[in-house]
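Asker: Sequence and predicted model, in that order:
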Amino acid sequence: MNKILSLLIVLSALPGVASSQSLATATVELREVDQTYPAEAVVEAVRQATIAAQVQGRVVEARFDAGSRVRAGEVLMRLDEREAAQSQAGAQAQLANARAAWERNKSLLAQKFISQAAFDKAEADYKAATASAGQAGTVTGFATIHAPFSGIVAQRLAELGEMAGPGKPLISIFDPKSLRVVASIPQHKLAEVRQAPRARVEFPETGKWVDASRVEILPTADTQTHVIKARVYLPDNLEGILPGMFVRAHFVTGKAKKLLLPAGAVLRRGELTGVYVMDEKAIPHLRQVRLGEPQAGGDIEVLAGLSTGEKVALDPVKAGIALMRTKP
């Protein structure tokens with residue numbers, strides 16, 4: 001005997017199982033809803049940064065790992081700054097020597113013991129040494145890596161003891177408060193989407209829907225695929241949403257009348273998609289249906305198999321049990 005059928009028979013024998021007369025139902029309705037164009041999208045952070053080394057040195061301290069929260073200005077990593085410190089000391093020594101030569105030549109010029117050209121050279125050497133000393137001091141500060149903004153560490157790209165060089169990525173962080181999704185729109189849909197840029201974002205794993213706060217259509221198209229990128233901004237401080245998650249963006253293109261039923265009333269068993277339809281005696285009967293796109297609010301579009309005004313059971317499991325109890 002089929003396992004599902006056996007389970008229904010056992011459950012139907014238990015006390016307290018609802019009869020067909022007490023099943024909760026919903027009426028299939030034809031309603032005017034937003035006509036949308038769905039597009040697969042990916043969540044990304046509005047503010048994200050991959051911080052790279054600006055000087056060469058070995059990583060001597062790494063304070064945070066992936067998942068850690070950091071504050072703006074907080075020290076993330078430190079590089080061995082001995083080489084930079086030695087360069088700074090050498091630059092300071094050259095600056096002191098150039099300053100002394102400039103002051104000496106200034107005095108000699110006043111006494112007309114040297115030419116103006118000799119003094120100009122000493123002055124130029126002094127200015128060059130001053131610039132070199134300032135640059136060396138700045139480079140020394142680059143050995144300490146600070147967080148550019150408050151956020152979460154997405155990935156640590158360098159470990160203790162590794163050698164870092166200019167341009168080598170060290171750590172990436174993002175701000176979880178401001179997120180957006182990026183989707184691709186084909187050329188033939190661009191005009192419809194641009195009329196009144198508005199969108200809803202569906203999270204298929206949880207069934208959650210969120211109204212976008214803003215839609216931004218980028219002004220260029222990809223030269224290979226000829227699609228246009230769209231940025232759909234989410235409300236601030238959404239819980240449980242992370243960069244890299246798969247979502248579906250529904251761009252509103254107009255209005256349309258659609259036959260809708262609650263998504264919870266749908267029974268899915270392998271390739272079968274059906275609902276329990278109530279007859280005039282309030283007895284449920286399983287009927288196969290063809291469904292369209294999910295709608296905001298927990299409804300789903302019916303393309304075939306149902307008519308306006310028919311009633312369906314909201315709980316297909318209870319409806320199946322009730323149907324088994326009606327059979328002799």
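Answerer: Structure's in. What do you need?
Asker: tell me the helices in the stretch 101-250 of the chain, going along the chain?
Answerer: Listed in chain order, the helices of the stretch 101-250 of the chain (DSSP state H, counting those that start in this stretch) span 116-141, 187-195.
Asker: And what about Ala98, helix, strand or coil?
Answerer: Classification of Ala98 by DSSP: H, G, I helix; E, B strand; the rest coil places it in helix.
Asker: From one end of stretch 233-253 to the other, what's the distance?
Answerer: Stretch 233-253 stretches 18 Å from its first residue to its last (CA to CA, to the nearest Å).
Asker: If you count neighbours, what's buried in that stretch?
Answerer: 233-234, 238, 241, 243, 247-253 (16 or more other CB atoms under 10 Å). Quick note: C-beta positions are derived from backbone N, CA and C, even for glycine.
Asker: Please apply the same query to stretch 265-284.
Answerer: 265-267, 274-278, 283-284.
Asker: ditto for stretch 45-54
Answerer: Going by 16+ other CB under 10 Å, stretch 45-54 has these buried residues: 45, 48-49, 51-54.
Asker: Could you measure from Gly290 over to Gly305?
Answerer: Residue 290: Arg, not Gly. Distance, Arg290 to Gly305, using CB to CB, to the nearest Å: 6 Å.
Asker: Comparing those two, which shows the higher neighbour count?
Answerer: Gly305 (17 against 11; other CB atoms under 10 Å).
Asker: quick one: contacts for the more buried one?
Answerer: 274-275, 287-290 (CB atoms under 8 Å, 6 or more residues apart in numbering).
Asker: and it, how far is that from Thr273?
Answerer: 9 Å.
Asker: list residues touching both of these two?
Answerer: With CB under 8 Å, 6+ apart as the test, Gly305 and Thr273 both reach 288-290.
Asker: So which of the residues you listed are in helices?
Answerer: For the shared contacts of Gly305 and Thr273, not one is inside helices, with DSSP state H as the criterion.
Asker: tell me the domain boundaries of this structure?
Answerer: 16-32+257-326, 37-46+177-255, 56-79+143-174, 81-141 (automatic domain parsing).
Asker: per-residue confidence for Gln224?
Answerer: Here the pLDDT value assigned to Gln224 is 89.
Asker: Could you do Lys106 as well?
Answerer: For Lys106, pLDDT reads 77.
Asker: distance of the nearest residue to it once chain neighbours are set aside from Arg47?
Answerer: Among residues not flanking Lys106 along the chain, Phe119 sits closest, at 6.7 Å (CB to CB, 6 or more residues apart in numbering). According to CB to CB, Phe119 stands 52 Å off from Arg47.
Asker: Out of the contacts of Gly305, flag the one nearest to Ala101.
Answerer: Each of those was scored against Ala101 by CB to CB, and Arg290 proved nearest at 90.0 Å.
Asker: For the closest one, which residues are in contact?
Answerer: Applying CB under 8 Å, 6+ apart, the residues contacting Arg290 are 273, 302-305.
Asker: let's see it at 10 Å
Answerer: 273, 301-306 (CB atoms under 10 Å, 6 or more residues apart in numbering).
Asker: Buried ones in the helix or strand harbouring Met324, by neighbour count?
Answerer: Remark: Met324 resides in helix 316-326, with elements defined by DSSP states H and E. By neighbour count on 16+ other CB under 10 Å, the buried set for helix 316-326 is 316, 318-324.
Asker: How about the backbone phi and psi for Val75?
Answerer: phi -70, psi 130 (degrees, to the nearest 10).
Asker: pretty sure it is touching Ala147, no?
Answerer: Yes. Taking contacts as CB atoms under 10 Å, Val75 lies within contact range of Ala147: 8.0 Å.
Asker: shared neighbours, these two?
Answerer: By CB under 10 Å, 6+ apart, the residues touching both Val75 and Ala147 are Phe64.
Asker: Give me the more crowded residue out of these two.
Answerer: Ala147 (19 against 13).
Asker: my guess is that one meets Arg47, correct?
Answerer: No. The pair Ala147 and Arg47 fails to qualify as a contact (CB under 10 Å) at a distance of 11.6 Å.
Asker: Mutual contacts of the two, please.
Answerer: Ile173.
Asker: Where does the prediction get shaky in the stretch 1-150 of the chain?
Answerer: For the stretch 1-150 of the chain, residues meeting the criterion pLDDT under 70 lie at 1-21, 81-93, 95, 132-141.
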